[in-house]
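A.B. asks: coords below, sequence missing:
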């Protein structure tokens with residue numbers, strides 16, 4: 001199954017985000033094919049926009065598996081994320097990554 005995940009940052013977590021960013025990236029890179037696309041959510045649409053959270057399209061067995069991945073993310077462990085994740089099952093139909 002596929003899941004869209006939205007993970008909001010805690011207010012004032014910018015310094016923590018920067019401090020733990022490489023560990024966060026390394027963690028998700030280690031998840032291999034489970035991560036279809038991921039990146040920072042931004043506070044605007046300008047080139048100077050700042051991160052305000054992270055978004056993911058993940059492939060996992062079920063929502064519990066997704067939540068386990070999120071729980072082990074350094075951004076969760078270090079308190080960057082609020083912990084109030086939106087985890088929404090989806091059925092992708094179109095996309096270059098699918099070979100369509």
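C.D. replies: Looks like it came in fine. Small disclaimer: the values here were computed from a predicted structure and weren't measured.

A.B. asks: Next, the buried residues of the helix or strand where residue 58 lies.
C.D. replies: Taking DSSP states H and E as the criterion, residue 58 maps to strand 51-59. Within strand 51-59, the residues that count as buried by 16 or more other CB atoms under 10 Å are 51, 52, 53, 54, 55, 56, 57, 58. Backbone N, C-alpha and C define where each C-beta goes, glycine included.

A.B. asks: How about residues contacting it?
C.D. replies: For strand 51-59, contacts defined as CB atoms under 8 Å, 6 or more residues apart in numbering pick out 1-9, 14, 17, 24, 28, 33-43, 66, 69, 75, 81, 90, 92.

A.B. asks: try 7 Å this time
C.D. replies: Residues outside strand 51-59 that contact it (CB atoms under 7 Å, 6 or more residues apart in numbering): 2-9, 17, 33-43, 66, 69, 75.

A.B. asks: so which pair among the buried residues of strand 51-59 is furthest apart in space?
C.D. replies: Across these, the longest distance by CB to CB is 19.6 Å; it joins 52 and 58.

A.B. asks: and stretch 21-28, which residues are buried?
C.D. replies: Residues of stretch 21-28 classed as buried by neighbour count (16+ other CB under 10 Å): 24, 27, 28.

A.B. asks: Fine by me, we can end here.
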